[in-house]
Structure formats: structure tokens, C-alpha cells
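Novice: How does the following fold in three dimensions:
(2 chains)
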Amino acid sequence: MRTRLAFALAALMIVAAAAPALAQKFDVPAKGMQTFNLKDERGRNQASFSSKAPIEDISGTASGLGGTVSFDPANVPGTIKADITVEVASMKTGIDMRDDHMRGDKWLDAAKFPTITFTLTKLKDAKIQKGTELRGIAVGTFTLHGVPQTVQLPVTLTYMPASEKTKARAAGDLLVVRAKGKVSLTKAGVRSELLGSKVSDEIEFEFNAVGSNAVK
Amino acid sequence: MRMTLNTAQHRTLAATAALLLGDLALWGATGFHLLTKQQLPVEMTDDLLGTSYIVWKDVFMVGLDIAGPAAAVIVTLGVVLLRVLRTRP
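Specialist: Numbering: from 1, shown residues only, chains lettered A, B, ... in the order given. Take a look at the predicted model:
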């Protein structure tokens, strides 16, 4: 009898310990839908990108980031919505001539397609750790050069409730969004004889941004 | 046919070689880049948020797009001067 009771207690303790890990909610005071605006006047919210090609490796950043991430902290995967935009004009690689070519009509054609967008369609394999950090796979539509591609991006969302420390960065609760992935230039309809030699077809990118629910 | 150079041509040749070496040294000292770099990325971190971001620092690192044409101009001028300064019979 005692042995069974001990087993039952142990099982209960294991389930209790595992419950927060299985929970799909942030352990934060905020209630209801929260919308985090990724607008950042200081330009610290950035997407970085890199191309590894036989002739040349290129890396750069884009700081013209915008968009929102919304969710109910009590049910993040079921309620999350995200629309993120990056201004092509804000992309730079440290070489003015190359930047002009990159934004030109033979490459990303900033005049015709001024933004690169990502729209989340679902969040899968979401796991929340320590009550405030969510890791999962963001499935969505990545539109580059006006051509939509379905992508799956490993994503990490870190919820930081407002505190004295976070006030130094921005008002309200903060959400740190990190994601990375790859996108094909050929699939995006970019045609250039330099693709494959000077610029790789597959561009790797990382997204690093902080949003606030107090910024409208 | 053996060509003998006069003093002015010797000086021209030496100056051309020195300028060419200087051009090569300048290109090499900044990293033998294909294109001239105007900015370099410097990674910064925000310890509170655990994020990193890039700040672009202004630089001028000569690339082959400048060093190459400069070398071509130096060689052309050198050849023209050697021809002009030759001793006429």
C-alpha cells in the first residue's frame, strides 16, 4: 500500500513539474490580446542577411523594420498573429555601389517592391520555457520581390513584463523576437547572371527585434 | 634590339614602379577587396534584452574598383613619358 502511494505521489510530482513546460501560455500579469509594435526609431531592430558565393561573401543589415506581433499570453499558439515588414531601401552592405545595385531593378527593385514582408500563418511546435520564453517554428508567407514563398522559421519570443529595467528601453511590456531562415532569390523571381557566382541563390537571414505593447 | 634608357627615363621608370607598388600596398593594406568599402559593421549587444545589432562605422577601404584603374593610369602615364623622354637621334 505504501509503495503504491509513493508511486502515485512521485507520478503526481513529475506531472506537476512538467506542467509549466507543457503549458502554452506566458506566465505574465498581462491579460487579453497584447499587440507589440516593432517600430524602433533608433534602428536597433534589424534584419541581417548574408550570401556565401564562390567569388564573394556578402553580409548586410536592414534597419527599416516595422509591423506587429499580437497574442493572448494565456494561449500564445492559438491566438498569435504577426505581420512584419522590412524596407528594401534600408538594406545596406557597407559598399554604396553594391547597395545601389542591390536595390536596383536587376535585383530587389526597391522602386517596384519597396518592402519585404512576413505574415505568420501558424506557430507550430511551440514550447514555453521559464514562463516567458517561447521557442517554436513560425510558418508563414515571406514575400520578397513581390513573390510569396512559404517558409518555416525557427523563432524565439521572450516576454519581458514592464519593470524599472525595461523602462530604460521602452515603456510597457517588451517582446524580444528572434528568428532566422533562408530564402531563395531564384524562387523570388530575381534573375541575374551573377547569381551563383557573386551572389548565392540562397540568402540566410536573421531577425532581431524588440517590440513594446505601449507603442501604437 | 637593346633599348638603353636615359636619366629622365630611369627616373620615370622608378617613379612609375614606386607609384604602382604604393597602389598595390594601399589595396593590400585594406584587405584586397574587390569593391571599395565605405562602411564596416560593428556588432553591439544589449545585455538587458539579450539582443545584438549592427552599427555601421564609416571607413574608406580601397578596393580593386579604384586600385585597378589607378594602376592602369599609372602604367599608361609611365609608358607615355618613357616614349616622350626618349633620346632622339
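
Novice: any idea which element the closest residue to A:L144 other than its chain neighbours lies in?
Specialist: Using Cβ to Cβ, 6 or more residues apart in numbering or on different chains and skipping residues adjacent in sequence, the residue nearest A:L144 is A:A188, 4.2 Å away. Heads up, the C-betas are built off the backbone N, CA and C, glycines and all. Using DSSP states H and E, no element contains A:A188; it sits outside every helix and strand.

Novice: show me where the chain has helices.
Specialist: Reading this off chain A. Counting by DSSP state H, chain A has helices at residues A:2-22, A:76-79, A:96-103, A:164-167.

Novice: sorry, should have said chain B
Specialist: B:7-29, B:64-84.

Novice: Any idea which of those helices gets closest to A:K122?
Specialist: Between A:K122 and the helices of chain B, the tightest spacing by Cβ to Cβ is seen for helix B:64-84, at 46.3 Å.

Novice: got the buried residues for that closest one?
Specialist: B:I66, B:A67, B:A70, B:A71, B:I74, B:G78, B:L81, B:L82 (16 or more other Cβ atoms under 10 Å in any protein chain shown).

Novice: before we move on, what about stretch A:141-151?
Specialist: A:F142, A:T143, A:L144, A:H145, A:V151.

Novice: so what's the last one bridging to?
Specialist: Same thing as A:V151. A:G140 (DSSP bridges).

Novice: For it, list the residues it contacts.
Specialist: Neighbouring residues of A:V151 by Cβ atoms under 8 Å, 6 or more residues apart in numbering or on different chains: A:F118, A:V139, A:G140, A:T141, A:F142, A:G181, A:K182, A:V183.

Novice: what about the most centrally placed residue in chain B, distance to chain A?
Specialist: Closest to where the C-alpha atoms of chain B average out (Cα atoms, centre = their mean) is B:D23, at 2.9 Å. According to Cβ to the nearest Cβ, to the nearest Å, B:D23 stands 20 Å off from chain A.

Novice: Model confidence for that residue, exactly?
Specialist: For B:D23, the pLDDT comes out at 96.

Novice: mind listing what it touches?
Specialist: B:D23 touches B:A67, B:A70, B:A71, B:I74, counting by Cβ under 8 Å, 6+ apart.

Novice: Identify the bridge partners of A:L157.
Specialist: A:L134, A:V177.

Novice: Tell me how far it lies from chain B.
Specialist: 12 Å.

Novice: got the contact list for A:A111?
Specialist: Counted by Cβ under 8 Å, 6+ apart, A:A111 has contacts A:D105.

Novice: Show me which residues of chain B are close to chain A?
Specialist: Residues of chain B that fall close to chain A, judged by Cβ under 8 Å from any Cβ of the partner chain: B:34-41, B:46, B:48-54, B:56, B:63, B:65.

Novice: Let's see that with 10 Å instead.
Specialist: B:33-41, B:43-44, B:46, B:48-59, B:61, B:63, B:65 (Cβ under 10 Å from any Cβ of the partner chain).

Novice: List buried residues within the residues you listed.
Specialist: B:33, B:35-39, B:41, B:49, B:51, B:53-54, B:56, B:61, B:63.

Novice: Spatially, what comes nearest to A:A126 if we skip its sequence neighbours?
Specialist: A:G136 (3.6 Å).

Novice: Would you confirm that the one you found contacts A:R178?
Specialist: No: using Cβ atoms under 10 Å, A:G136 makes no contact with A:R178, being 11.7 Å away.

Novice: any weak-confidence spans in the chain?
Specialist: I'll assume chain A. A:1-23 (pLDDT under 70).

Novice: Hmm, no, I was thinking of chain B.
Specialist: If you take pLDDT under 70 as the line, chain B has these spans: B:1-2.

Novice: hmm, what's the outermost residue in it?
Specialist: In chain B, the residue most distant from the centre (Cα atoms, centre = their mean) is B:L48, at 44.1 Å.

Novice: Can you tell me which residue sits nearest the middle of chain A?
Specialist: Central residue of chain A (Cα atoms, centre = their mean): A:A179, at 3.8 Å.

Novice: got a list of contacts for stretch A:99-107?
Specialist: A:58, A:60, A:88-93, A:95, A:98, A:108-112, A:114, A:145, A:185, A:190-195, A:199, B:35, B:38-39 (Cβ atoms under 10 Å, 6 or more residues apart in numbering or on different chains).

Novice: Many thanks, have a good one.
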